[in-house]
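Asker: Predicted model and sequence below, questions to follow.
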Amino acid sequence: MNLWLCRTMDNDNFTSVLEKDIKRNTSNETHRILNGLFWSFSGSGLQTILQTLVLIVLSRLLTPADFGLVNAASLLIGFSAIFSTLGVGPAIVQRKTLELAHLRTGFTISILFGFLITGLFWIMAPIISIFFRMNGLTQVLRVTSFIFIFQSSYIIAQSLLQRTLQFRILVGIEVVSYFIGFGVVGVSLALMDFGVWALVTAQLVQSVVNCLLLLIVQPHPKMPKIDRQALKELMDFGAGFTIANISNYWARNGDYLVVGRFLGAEALGLYKNAYKLATLPANVFGAVLDRVLFPAMSKEQDASDRLATTYRRAIMMIALLTLPMSATMFGLAPELIHKLLGIQWEGAIIPFQILCIGALFRTSYKISDSIIRAKGAVKHLAWLHSIYTILIVGGALLGQYWGISGVAIAVLIALTMFFTLMAKIALDITSMSWNVFLLSHIPGLSLSFIIFLEVFTIKVAMKLIVGDDLAIIFTSIFSIFLTILILGLLRPTFLLSKDDLHVLDNINIYIVRQFKLHIFKK
């Protein structure tokens, strides 16, 4: 189908994806990946700070039970969202050749399933509430279910931006929508004592703003149509991805289901916020790398050597970032929980420490996941995530007899096993050895050991001198910053190999050019 025909069939200011693919093929791919990483990390860093601040404020205005009620609803809403798009978005990103029929068919299918699932939630909400034994869950579920309609409306626009590596736009939209939804609406309603409805309304507003901005920024065909061939091609990838995602979803959320069902709304609120704080920084790195590397590696899916190099560097960087951060949060857990969330969240401290230990595994397996998806080996993902789900849910059912700390231990064990299995598949695909894989983690492990000893020493000394939690936190962070700075300046090879330092130089040159460019524009 030629470009003129594409435009003739649709009069929606649609910028042809085929044209974008041509531009992408003729441009500097390394520059585009660095550009995607730069803007994704910048936006995600800003969003992480924003999310943390909002979480701190809302945790002091609302109760663990309020969070638990919304978390129970979000658990089921998130699961059903998998079916509302049927893997259409990732299929759009992964396809080598994309035509107008794929976009119109994908959009139509997404919209139909979005409305269908919203209707099902209105009918099933009372039954779900009985299962969880939580008063007020019925109305929360029914109102929150409107998110499906908005999500299904923007999935094509979002996927097109990912496909063409427009991450500067994507992260900007995410930050703005979260700020308006939770930072403005959510906090304002919480201050006015709206309780659980402050969180519900914040989620809806965030979804609406996200939808409007994506549709404005990335126009695409919206005339309903289902083309059989296009549907088959999308579902060949999308169906396998959806099956894998079902298992993956319950692997990531099965512990929430167990805690909510057997330990109640308050325990779910404590556990979920501990989990969110423990994994938030690490998840940012994993999500950003996955978002940028998946489309980039999909293009290079036949070049095993390049995939192996990208994979090694990604896991090395993940270890270097997440392990020291985990060591810091583990050591400062009581001080962080008391100062960030408040004394009413005391019960989250031990689960928080346990979950901090698994930050590397949770982040690193996402990179393995990206490699597997880029090669189109989604059948491997289906059975791997199924095993992971069984381990998570089975372990949580056993662990809940020892409260949320027992659940956290079970999750850590399951996560370690899944990380190993995912790495095995990724290593087979890239022909990388276990020796190279394990050695890539040495710099991160060494730095985290130094940092943990440093934090432990500072805590013991300052408890005797001042005993103030905030002073301990700031002194520890400042000391860690100095340690990393000194090592980076005096012994850079302690952290990175010469090959990786060369990559770091390229990144540094790119960042300098970025800032010069923006200054020149100003």
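Answerer: Cool, got the structure.

Asker: host element of His338?
Answerer: helix 333-340 (DSSP states H and E).

Asker: Could you identify the helix or strand that succeeds that helix?
Answerer: Counting by DSSP H and E, what follows helix 333-340 is helix 349-357.

Asker: who touches the helix holding His338?
Answerer: Helix 333-340 has contacts (CB atoms under 8 Å, 6 or more residues apart in numbering) with 52, 55-56, 59, 274, 277, 329, 345-346, 348-349, 352-353, 356, 469-470, 472-473. Any C-beta I mention is one placed from the backbone N, CA and C, and that applies to glycine too.

Asker: switch to 10 Å and redo it
Answerer: Applying CB atoms under 10 Å, 6 or more residues apart in numbering, the external contacts of helix 333-340 come out as 52-53, 55-56, 59-60, 273-274, 277-278, 328-330, 332, 343, 345-354, 356, 459, 468-473, 476.

Asker: Write a ChimeraX command that selects only the buried members of the residues you listed.
Answerer: Only the buried members of those end up in this ChimeraX selection, burial being decided by 16 or more other CB atoms under 10 Å:
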select :55,59,273,274,277,278,328,329,330,332,345,347,348,349,350,351,352,353,354,356,459,469,472,473,476
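
Asker: Show me where the stretch 301-450 of the chain has its helices.
Answerer: 304-331, 333-340, 349-357, 359-374, 378-399, 403-430, 434-439, 442-465 (DSSP state H, counting those that start in this stretch).

Asker: Only alpha carbons, please: show the second one as PDB.
Answerer: Presented in PDB, the C-alpha positions along helix 333-340 are these (Å, rounded to 0.1, in the frame of the first residue of the first chain):
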ATOM      1  CA  ALA A 333      14.700   1.100  56.200                       C
ATOM      2  CA  PRO A 334      13.400   2.200  59.700                       C
ATOM      3  CA  GLU A 335      14.500   5.800  59.200                       C
ATOM      4  CA  LEU A 336      13.000   6.000  55.600                       C
ATOM      5  CA  ILE A 337       9.600   4.500  56.600                       C
ATOM      6  CA  HIS A 338       9.300   6.700  59.700                       C
ATOM      7  CA  LYS A 339      10.200   9.900  57.900                       C
ATOM      8  CA  LEU A 340       8.600   9.300  54.600                       C
END
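
Asker: Check the offset of that helix from the chain's centre.
Answerer: Computed by CA atoms, centre = their mean, to the nearest Å, the chain-centroid distance of helix 333-340 equals 24 Å.

Asker: same question for that helix, mean pLDDT?
Answerer: Taken as a whole, helix 333-340 has an average pLDDT of 89.

Asker: quick one, it and helix 304-331 angle?
Answerer: 80 degrees (axes from the mean of the first three to the mean of the last three CA atoms, to 10 degrees).

Asker: The fourth one too?
Answerer: Using the same axes, to 10 degrees, the direction of helix 359-374 lies 160 degrees away from that of helix 304-331.

Asker: so for helix 359-374, what's the average pLDDT?
Answerer: 80.

Asker: So which elements touch that helix?
Answerer: Counting by 3 or more CB pairs under 10 Å, 6 or more residues apart in numbering; DSSP states H and E, the packing neighbours recorded for helix 359-374 are helix 88-94, helix 228-263, helix 265-299, helix 304-331, helix 378-399, helix 403-430, helix 442-465.

Asker: now it and helix 442-465, what's the angle there?
Answerer: Using the same axes, to 10 degrees: helix 359-374 against helix 442-465 is 150 degrees.

Asker: Run the chain-centre distance for helix 359-374.
Answerer: With CA atoms, centre = their mean as the basis, the mean position of helix 359-374 lies at 11 Å from the chain mean.

Asker: quick one: low-confidence ranges for the stretch 201-350 of the chain?
Answerer: Along the stretch 201-350 of the chain, segments meeting pLDDT under 70 span 236-244, 247, 281-304.

Asker: Now do the domain split for the chain, please.
Answerer: What automatic domain parsing lists as the domains of the chain is 9-226, 257-490.

Asker: closest to Trp250 out of those?
Answerer: domain 257-490 (4.5 Å; CB to CB).

Asker: and the closest one, how far out from the chain's middle?
Answerer: Distance, centroid of domain 257-490 to centroid of chain: 12 Å (CA atoms, centre = their mean).

Asker: Mind checking the helices and strands packed on helix 359-374 for the one nearest to Thr138?
Answerer: helix 265-299 (13.9 Å).

Asker: Arg163 and Leu98: what is the separation?
Answerer: 7 Å (CB to CB, to the nearest Å).

Asker: So for the helix holding His338, what gets flagged as buried?
Answerer: Ala333, Pro334, Glu335, Leu336, Ile337, His338, Lys339, Leu340.

Asker: Make JSON lines out of these and add distance to Phe361.
Answerer: JSON lines is the format used below for these (distance: CB to CB, whole Å):
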{"residue": "Ala333", "distance to Phe361": "18"}
{"residue": "Pro334", "distance to Phe361": "24"}
{"residue": "Glu335", "distance to Phe361": "25"}
{"residue": "Leu336", "distance to Phe361": "21"}
{"residue": "Ile337", "distance to Phe361": "22"}
{"residue": "His338", "distance to Phe361": "27"}
{"residue": "Lys339", "distance to Phe361": "27"}
{"residue": "Leu340", "distance to Phe361": "24"}
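
Asker: now, which of those sits nearest Gly444?
Answerer: For those, the nearest to Gly444 is Ala333 (19.9 Å; CB to CB).

Asker: nearest spatial neighbour of the closest one, skipping sequence neighbours?
Answerer: Gln353 (4.6 Å; CB to CB, 6 or more residues apart in numbering).
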